[in-house]
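J.: Have a look; sequence and predicted model below, questions after that.
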Amino acid sequence: MPARQRSGRLLAFAFATIAALALYFHVARIQSEVNKDHNKSDQSAYIDAAIAAYETSFHDTGDRVRMPLFPWVMALFYSPDMTEETFFATGKVVNTYLSGLILCLISAMFVQRFTLGYAAYASLSIAFLTFAIKAPWFQTEILLYGIFAAAFIRAVDVLRRPVGWRSGLEVGALVALVHFTKAMGLLFLISYLGALFVQWLAGFALPRKRADSVREQVGWRLLSHAAAFLLAFVVVLSPYLLESYQRFGMPFYNASNTFYVWYDSWQDAKRGTKAAGDREHYPDLPEEQIPSLSKYLREHTATDILDRFVTGAQRMSARSCTDTKYKYEYGFCSQVGLGLLALAIVAPWIALRTPKRELAAAAGVICFVILVHLSNALGTVWYNYIGTSGPRGLLALLVPLFWTLGLTLHSRIGYALRFRFFSIQARVYSAVLTVLGITLVYEIYQTVTHRAFAMWGGK
């Protein structure tokens, strides 16, 4: 490519990037005007936690409902002469610029890995259908989405090639940071260990004459990787886990995950362990009144459990996609729906054309991607049955979903797939990106002209 043409493309790319960022911050500023009351959507709790962190020189680790990392970050921007209102306004600005930084880093990873067209699509979707609305809020989600995305992408990269103990330390530390931001790390940890186990099992698909030696080598490598992964996870969190054990008797104590998820309503939780002081100490209740998985299974039928998932999914769908126009509707639903549809069509198509040995080599990645998305989606739906938090937790899966779709469409077989529509032959990649791109333009238009002014992005 001639130097002049290359320079022209770089200039156009830089101009488009600056224009997109300018529009992004403009939308975030509009949404900031909607978010005027720091007492709504648990923002006051995060403000109090950040002030407590500042006043205790970062020794305060929170109430075991909200994790400490985000309050600690915000405490860096607090000073004693600030009122709560001033700190609230400062925090919204800080979180908005933090969202811009995280968005740029995520976009850079998409540009490095995928075609520019798909990278632009994914970056704009993440920016305008989630980040711009969530940015001007004094809440942990933006930080969570960034760290969760980094952990997911690194985990997928590691699982796609032979692993060792050093990469285990990297992934373990990132998953620990996920947990230190919001108590979602254990689901991630279980999903990753499950994927490593499946990857070990896939070794039995090797040809017999090479299987024993190669399987033994891979087995020891996976074992060292898993041990390093667990070690890093525990070491990074060890001060927090030790304090939790000393105060509550459980290293992974979290009121929401330990108790609230097993209640049938938020009112039951408020009258139960919350009223018994579950945020200051282990709740002062008789053991038979303490909610748990075993207690829930004893008192509920399979129909009750299924109904909870169905009702939770309906409430999530209503709040995220079909509720009062623009009040809670982010606009991501169309892209998620179309993306899942594309995966449901293209992924089996690719699998049918992939040699068995290559499928076996990718078994760990496939298992991990499915487990992460399924466990977090079902967990959010389960909790949403009693909560009113909307899709905040579920939106952590947006970047992983776009990354998974990108890997599928850009795979060796996926990128070459073609289909015929009457007399027209087209590439599957181009068709999918065209449909997604057209619908994205509509959603961004709605966000810029309507959603940003009307949405309550704290749910």
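T.: Sure, I can see it.

J.: ok now do residue 408, which residues does it touch?
T.: 342-343, 346-347, 350, 414 (C-beta atoms under 8 Å, 6 or more residues apart in numbering). For the C-beta atoms, the positions are set from N, CA and C on the backbone; glycine is no exception.

J.: I misspoke; the intended subject was residue 231.
T.: 168-169, 172.

J.: what's the closest of those residues to residue 33?
T.: Set against residue 33, the nearest of those by C-beta to C-beta is residue 172 (41.3 Å).

J.: Locate the closest one within the secondary structure: which element?
T.: helix 165-181 (DSSP states H and E).

J.: returning to that earlier point: select from the contacts of residue 408 the one having the most neighbours.
T.: residue 414 (22 neighbours; other C-beta atoms under 10 Å).

J.: Now residue 131: closest residue in space, sequence neighbours ignored.
T.: Closest residue to residue 131 apart from its sequence neighbours, by C-beta to C-beta, 6 or more residues apart in numbering: residue 99 at 5.0 Å.

J.: Distance check, the residue nearest to the spatial centre of the chain against residue 420.
T.: Nearest to the mean C-alpha position of the chain, by C-alpha atoms, centre = their mean, lies residue 396 at 2.0 Å. Going from residue 396 to residue 420 by C-beta to C-beta, to the nearest Å gives 39 Å.

J.: Report the contact partners of the closest residue to residue 458 other than its chain neighbours.
T.: Nearest residue to residue 458, sequence neighbours excluded (C-beta to C-beta, 6+ apart): residue 41, at 3.0 Å. Residues in contact with residue 41 (C-beta under 8 Å, 6+ apart) are 137, 139, 456, 458-459.

J.: Assign residue 458 to one of the three secondary structure states.
T.: When classified by DSSP: H, G, I helix; E, B strand; the rest coil, residue 458 comes out as coil.

J.: Now do the contacts for it.
T.: Counted by C-beta under 8 Å, 6+ apart, residue 458 has contacts 35, 40-43, 137, 139.

J.: out of those residues, which is most surrounded?
T.: residue 137 leads the contacts of residue 458 on contacts (other C-beta under 10 Å) with 29 neighbours.

J.: tell me the mean pLDDT for the helix holding residue 172?
T.: Helix 165-181 shows a mean pLDDT of 95.

J.: so what does the very next helix or strand once past it touch, helix or strand wise?
T.: Remark: after helix 165-181, the chain's next helix or strand is helix 185-202, criterion DSSP H and E. Counting contacts by 3 or more C-beta pairs under 8 Å, 6 or more residues apart in numbering; DSSP states H and E, helix 185-202 packs against helix 141-159, helix 165-181, helix 208-248, helix 363-384.

J.: Let's have those helices in a markdown table, adding distance to residue 331.
T.: Formatted as a markdown table, the helices and strands packed on helix 185-202 follow (distance: least, C-beta to C-beta, whole Å):
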| stretch | distance to residue 331 |
| --- | --- |
| helix 141-159 | 16 |
| helix 165-181 | 25 |
| helix 208-248 | 35 |
| helix 363-384 | 18 |
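
J.: nearest to residue 110, of those?
T.: helix 141-159 (9.6 Å).

J.: This structure: strands as residue ranges?
T.: 418-421, 424-427 (DSSP state E).

J.: So what touches the last one?
T.: When you say that, I think you mean strand 424-427. With C-beta under 8 Å, 6+ apart, strand 424-427 has contacts from 415-420.

J.: Next, the contact list for the residue lying closest to residue 440 once chain neighbours are set aside, please.
T.: Once flanking residues are discounted, residue 440 sits nearest to residue 125: 5.8 Å by C-beta to C-beta, 6+ apart. Listed by C-beta under 8 Å, 6+ apart, the contact set of residue 125 reads 332, 335, 398, 402, 440, 443.
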